[in-house]
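Asks: missing the sequence, but the structure's below:
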């Protein structure tokens, strides 16, 4: 590990107060050769309150202190849990890694294999001496497994203000996770920083891709519905030729009731219902 800078560097003219409890915890963890896991959420699932800005400010402030290099999106931020672990393997001690918009880890998906796998791998990363920051939509999105593994939870109440909580797990009984407010944290608007603009573009590209995929999915016919329509057309053709419902049923492998409900008989050149 490289030598510690005495205080955090300036980020767009702002400097984190070195006496802030959150910063002191960071320094303590790095000096003891440990990691630091931070989760950032927004009150009431509000958007645009600065979860990513807060995460980026922490990364830009902390990364140079022990890694000896500036934080960059290319090496330190992703929207994909899989890429997050790939970056982790290639990162030095003191590196800050951000998993932004970690919706795959939403508590409502807590039983999915991807979520379980992430929790297991995150648990095994305590000796890497890295700082990991996850942003999630709201406190309700926290999976209990992730909450157990995290050290600090920041809940943003409004743009520029977050409440910092210590996370502890009771050692006996139910393994209940308890959180305790430590202090309020004021963070500056550094969203115009070049690296944060890159991260914002990454998020917008993801949204655009998802919308495109959704549109293509909506425009693509359902294969089951296509096959159903083809069977209906075939059944109607057979009935128009004078075949009985029973004969059509045997021919296309559908029940007589299905044939009756999905076809019409012809009477004197006209199509009528049964």
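Replies: Nice, I can see it. The shown structure was predicted, so the numbers you read here are calculated from the model rather than taken from an experiment.

Asks: Excluding covalently adjacent residues, which one is nearest to residue 247?
Replies: Nearest non-adjacent residue to residue 247, counting by C-beta to C-beta, 6 or more residues apart in numbering: residue 238, 7.5 Å away. Where you see a C-beta, it was placed from the backbone N, CA and C, and this is true even at glycine.

Asks: what's the distance between the one you found and residue 232?
Replies: With the distance defined as C-beta to C-beta, to the nearest Å, residue 238 ends up 11 Å from residue 232.

Asks: Then residue 74?
Replies: Remark: distance between residue 74 and residue 232 (C-beta to C-beta) = 54 Å.

Asks: Past the longest helix along the chain, which element shows up next along the chain?
Replies: Of all the elements of type helix in the chain, the one with the most residues (DSSP state H) is helix 194-219. Along the chain past helix 194-219, the next helix or strand (assigned with DSSP states H and E) turns out to be helix 223-240.

Asks: which stretches of the protein form helices?
Replies: Along the chain, counting by DSSP H, helices occupy 21-31, 51-66, 73-76, 81-89, 113-123, 144-149, 194-219, 223-240, 245-252, 256-262.

Asks: Go through those and name the closest to residue 100.
Replies: Shortest distance between residue 100 and the helices of the chain, using C-beta to C-beta, is found for helix 51-66: 5.6 Å.

Asks: Show me what that closest one is packed against.
Replies: Taking 3 or more C-beta pairs under 8 Å, 6 or more residues apart in numbering; DSSP states H and E as the contact definition, the neighbouring helices and strands of helix 51-66 are helix 21-31, strand 36-42, strand 96-99, strand 131-135, strand 152-158, helix 194-219.

Asks: quick check, distance from the second one to the centre of its chain.
Replies: Mean-position distance between strand 36-42 and its chain equals 13 Å (C-alpha atoms, centre = their mean, to the nearest Å).

Asks: That one vs helix 21-31, what angle?
Replies: Angle, strand 36-42 to helix 21-31, by axes from the mean of the first three to the mean of the last three C-alpha atoms, to 10 degrees: 150 degrees.

Asks: count of residues packed around the spatially closest residue to residue 203 that is not a sequence neighbour?
Replies: With sequence-adjacent residues excluded and distances taken as C-beta to C-beta, 6+ apart, residue 203 is closest to residue 101, at 6.3 Å. Residues within reach of residue 101, counting by other C-beta atoms under 10 Å, total 19.

Asks: Which neighbours do residue 238 and residue 232 have in common?
Replies: Residues touching both residue 238 and residue 232 by C-beta atoms under 8 Å, 6 or more residues apart in numbering: none at all.
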